[in-house]
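Engineer: Based on what follows, work out the 3D shape:
(chains A and B)
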Amino acid sequence: MRLSWIELTDFRCHPSLRVEPDPGVNVFVGDNGSGKTSLLEAIGYLASLSSFRRSPDASLVRLGAEGTVVRGEFASATGAALVEVEIPVTGRRRVLLNGKRAAGRAAIAETVALVAFLPDDLDLVKRGPAYRREYLDDLAAQVWPAAGAEQAEYERAVTQRNALLRRDGRMSDPTTLDVLDERVAALGGAVLSRRLATAALVAPSVEALYAELGEVPARVSFSYGAAGLEEVPAGAGADELAELLAPALAAARRGDLERRTTTVGPHRDDVDLVLDDRDARTRASQGEQRSVALGLRLAAYRVLADRRATAPVLLLDDVFSELDARRSARLVERLPEGQVFVTSARGEEVPLVGRHWRVATGTVEPG
Amino acid sequence: MFEAPIQRLIDELSRLPGIGQKSAQRLAFHLLTVEEVDARRLAEAIVAMREQVRLCQRCFNVTDSAECSICRDLRRDSSLVCVVERAQDIVVVEKTGEFRGRYHVLGGAISPIEGIGPEQLRMRELVARTAAEGVKEVIVATNPTVEGDTTALYIARILKPLGVRVSRLASGLPVGGDLDYADEITLGRALSGRRDL
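Structural biologist: Now for the predicted structure:
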């Protein structure tokens, strides 16, 4: 899997830009604010149809422009994918895959696989459960293209249930709640089964990679915790999990009516990351947390590479400035063969052999 | 931006679904160039539609008399009712020529986000009809969305205890299409709703 070329028009600070990257390592070097990360963001957008900075679409448009266009072509052993995205400041985004209107991310995920390492990845370990749920959901959507739509439907069902509880509280119509519970359980079962399957795929990798990154003597363990479910049978399918969620929702009903929100379901779950016997979130050093975060991203990369028999495109946004020399070296040893994009303010800090590019606002030149 | 009478029309037009500022301007200036009788005919058509059209007292389809033409048609099977969200969905089902029962227009789907619960829809009327008209089967043809699915489940909950058979339109593959062009969600639903041969 590699990006053959990418073209940006009015994206972030770049009026117009075209890059034909190397199939191996590409290092984008430039001053702060020169648009290095924006370039990576554009590549990521083509694969996931969202910004890895969590920016709303309209903010991707260069100030003063009416809209932005990002086009690029990915090539793999199985074929090529030309992805074209047009984002107007007002109005709807348009996505074309190989010249045809694409339904959304699922269609693109079938051919394109991509993993991004970001300076904010520490959030995966340090901050709330939402970050770890998103990590699993994001990976699930790349492994099983239907998973993204299931997640969106589930969220919608929970939002509807919450809206009813918020509006009517204890006076909520029981029959409407019953049928919403049935939808939340059915869709939640689907989401939960994908999460558990994804967790089963990444957990051994995370644990092995953390050890390889050299944080001896600590051992990390990665385990998924389902809110409101006592025990989840290994390898449970969507229907089986839906049957477990239904009584859990029923049991939580009285409390939910009081609190006016839905307290049971995959939207409340978390992943426990434990170092030996310490909670990685609260009782690990910053360096250890960074290694766990790297382990999570590398594990996602390996899972995708294994499932697809092709190396995903890898984005490393300003990662090396955060790592000490020892951790950098170990990360580099574990980087795979595929195409890699790296940003750095100082090129010499990047311990990778590859093609260097100089980035300034609106230009990218071999450097 | 434009002279007041033109701007007023542009503002009105741009409130219509699918019409933005630019289209509204184009339509307004077009109406300025056509013959006056043509513009007047359009205005009269809008007024006449609003004055003459009302809702069928039985099924809430749009009609120009007390009951719509489908409800007045005695050859149609009154024991079979197809429930739709909006009146325009009736036309879609009618075009198939496969359905010989009657309809019931709910006026939307259950969506607490938009403040729509069962009491905002014509649920009570549906229950009353099933008893009064001897309805044996209700086919729910709401949209295949979270809201449409929720509404279908709700109807099943309230009608099944009354001994009415409740069914839901199947979702599946488009006829004449290639399997490899179907999206995963549609294919997934078609799989879970598969039928024995």
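
Engineer: drop to CA atoms for contacts and neighbour counts, all remaining ones
Structural biologist: Fine.

Engineer: Flag every residue of chain B that's near chain A.
Structural biologist: B:111-113, B:117-118, B:146-147, B:149-150, B:153-154, B:157, B:183-185 (Cα under 8 Å from any Cα of the partner chain).

Engineer: same thing but at 6 Å, please
Structural biologist: B:112-113, B:150, B:153-154, B:184-185 (Cα under 6 Å from any Cα of the partner chain).

Engineer: For these, pick the one with the most neighbours.
Structural biologist: Ranked by neighbour count (other Cα atoms under 10 Å in any protein chain shown), the residues of chain B next to chain A have residue B:150 at the top, with 27 neighbours.

Engineer: what kind of secondary structure is that residue in?
Structural biologist: Put simply, residue B:150 is helix when judged by DSSP: H, G, I helix; E, B strand; the rest coil.

Engineer: just to revisit the earlier point, between all of the residues of chain B next to chain A, which two are separated the most?
Structural biologist: Comparing all pairs in the residues of chain B next to chain A by Cα to Cα, the longest separation belongs to B:112 and B:184, at 28.2 Å.

Engineer: Looking only at residue counts, what's the top helix in chain B?
Structural biologist: For chain B, the helix with the greatest residue count under DSSP state H is helix B:36-52.

Engineer: Next, please give the residue ranges for the strands of chain B.
Structural biologist: B:54-55, B:62-63, B:77-84, B:101-105, B:137-140, B:165-168 (DSSP state E).

Engineer: okay if I get these as a markdown table plus mean neighbour count, mean pLDDT and distance to residue B:4?
Structural biologist: Below are the strands of chain B laid out as a markdown table (neighbours: other Cα atoms under 10 Å in any protein chain shown; pLDDT from 0 to 100; distance: least, Cα to Cα, whole Å):
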| stretch | mean neighbour count | mean pLDDT | distance to residue B:4 |
| --- | --- | --- | --- |
| strand B:54-55 | 17 | 94 | 33 |
| strand B:62-63 | 18 | 94 | 35 |
| strand B:77-84 | 21 | 96 | 42 |
| strand B:101-105 | 24 | 96 | 40 |
| strand B:137-140 | 23 | 96 | 48 |
| strand B:165-168 | 17 | 94 | 51 |
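
Engineer: I'd like those as JSON lines, with distance to residue A:309 appended.
Structural biologist: Listed next are those as JSON lines, based on distance: least, Cα to Cα, whole Å:
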{"stretch": "strand B:54-55", "distance to residue A:309": "60"}
{"stretch": "strand B:62-63", "distance to residue A:309": "57"}
{"stretch": "strand B:77-84", "distance to residue A:309": "47"}
{"stretch": "strand B:101-105", "distance to residue A:309": "51"}
{"stretch": "strand B:137-140", "distance to residue A:309": "44"}
{"stretch": "strand B:165-168", "distance to residue A:309": "41"}
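
Engineer: Nearest to residue A:105 among the ones you listed would be which one?
Structural biologist: strand B:165-168 (28.6 Å).

Engineer: If you count contacts, what does that closest one end up packed against?
Structural biologist: strand B:137-140 (3 or more Cα pairs under 6 Å, 6 or more residues apart in numbering or on different chains; DSSP states H and E).

Engineer: which other residues reach the strand it packs on?
Structural biologist: Strand B:137-140 has contacts (Cα atoms under 6 Å, 6 or more residues apart in numbering or on different chains) with B:80-83, B:164-168.

Engineer: Name every strand pairing with that strand and say which way it goes.
Structural biologist: strand B:77-84 (parallel), strand B:165-168 (parallel) (DSSP bridges).

Engineer: For residue B:101, which of the ones you listed is the nearest?
Structural biologist: Of the strands paired with strand B:137-140, nearest to residue B:101 by Cα to Cα is strand B:77-84, at 4.5 Å.

Engineer: So which residues on the stretch 51-200 of chain A come close to chain B?
Structural biologist: Checking the stretch 51-200 of chain A against chain B by Cα under 6 Å from any Cα, the hits are A:146, A:160, A:163-164, A:179.
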